[in-house]
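K.L.:
Okay, structure incoming, though there's no sequence with it:
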Ligand SMILES: CN(C)C(=N)NCCC[C@H](N)C(=O)O
């Protein structure tokens, strides 16, 4: 898991996985944060009709640019923590495998540290994924709130301050600290089960073990991933949620989002037509700035 070549390998395989997985990630993020979709298929159909295939790839550039760095931090911290805990190098570890508790602790620390590299990139990704404007905008339609990842980063910095770039970081920490521990323990266990003592696992086994470790860790990570995405979408100043616990216990439907297809607002008090919508926007004022993100 931790030879000197690994961060680079992890970076390029991570980037490939990211391109393949990003369309699904976009659907996941939209379902987590918007109330207007009836389910996965509805979200896919609406996204394709309204934004074409490119809609599924919104917000992908920063994650691609940062994945190598984020993975280097994760695997570097994991490997060095394991080294400190077990006093064995990567080579010695095959003959003298570390205990699962050491693997878990090193994974948790790796997950904890990588959050602070990942958080701003993940925030920008989520905000851009939630912009549902079509590629070719009809003349006169309002521009999207963020023109791209750099504009998004600068706008968040200006509107919400440096802390704004770390919005949702607490939930991300709670999501990634234990689940990266689970990831590495599952990975190690599967490699050890499928490999003779003292031997390195074959590339195919590494792939399968990594895949199952990903499934196990994401199964546990998903509830906090929902909270993280909702906190990231709620701007720091508007105080839609007071924190992780408040977000967990709040009814998400009280937040209002504009559906870009129907121009109606998702939520409990949804106006049904355009005049209802503009009246609603006028009367709700600042609390509805969030809707900018979803207006086509
Ligand atoms: C199992 N877990 C929680 C993880 N693998 N965490 C790191 C994932 C980082 C990735 N770019 C994402 O947020 O999708």
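P.N.:
That came in fine, so what should we check first? Bear in mind the structure is a predicted one, so any value in this text is a computation, not a measurement.

K.L.:
The stretch 101-250 of the chain against the ligand: which residues are in contact?
P.N.:
Counting by C-beta under 6 Å from any ligand atom, the residues of the stretch 101-250 of the chain lying close to the ligand are 118, 122, 175, 176, 179, 183, 217, 218, 221. Where you see a C-beta, it was placed from the backbone N, CA and C, and this is true even at glycine.

K.L.:
make it 8 Å
P.N.:
Residues of the stretch 101-250 of the chain lying close to the ligand (C-beta under 8 Å from any ligand atom) are 111, 114, 118, 122, 172, 175-176, 179-180, 182-183, 214, 217-218, 220-221, 225.

K.L.:
so who does the residue nearest in space to the middle of the chain touch?
P.N.:
Central residue of the chain (C-alpha atoms, centre = their mean): residue 122, 5.3 Å from the mean position. Shown here is residue 122, whose contacts under the criterion C-beta atoms under 8 Å, 6 or more residues apart in numbering are 63, 168, 172, 228, 232.

K.L.:
Likewise for residue 247?
P.N.:
Counted by C-beta under 8 Å, 6+ apart, residue 247 has contacts 171, 227, 230, 231, 234, 241.

K.L.:
so what's the fourth one closest to, chain neighbours aside?
P.N.:
In this case it means residue 231. Closest residue in space to residue 231, ignoring its immediate chain neighbours: residue 168 at 4.1 Å, by C-beta to C-beta, 6 or more residues apart in numbering.

K.L.:
from the contacts of residue 247, which ones fall inside helices?
P.N.:
Judged by DSSP state H, those include 171, 227, 230, 231 as members of helices.

K.L.:
Would you mind checking the average pLDDT for the helix or strand hosting the residue nearest to the centre of the chain?
P.N.:
Secondary structure here is read from DSSP states H and E; on that basis residue 122 sits in helix 100-129. For helix 100-129, the per-residue pLDDT values average out at 97.

K.L.:
Correct me if wrong: residue 175 contacts residue 228.
P.N.:
Yes. In this structure, residue 175 sits in contact with residue 228. The criterion is C-beta atoms under 8 Å, and the distance is 5.8 Å.
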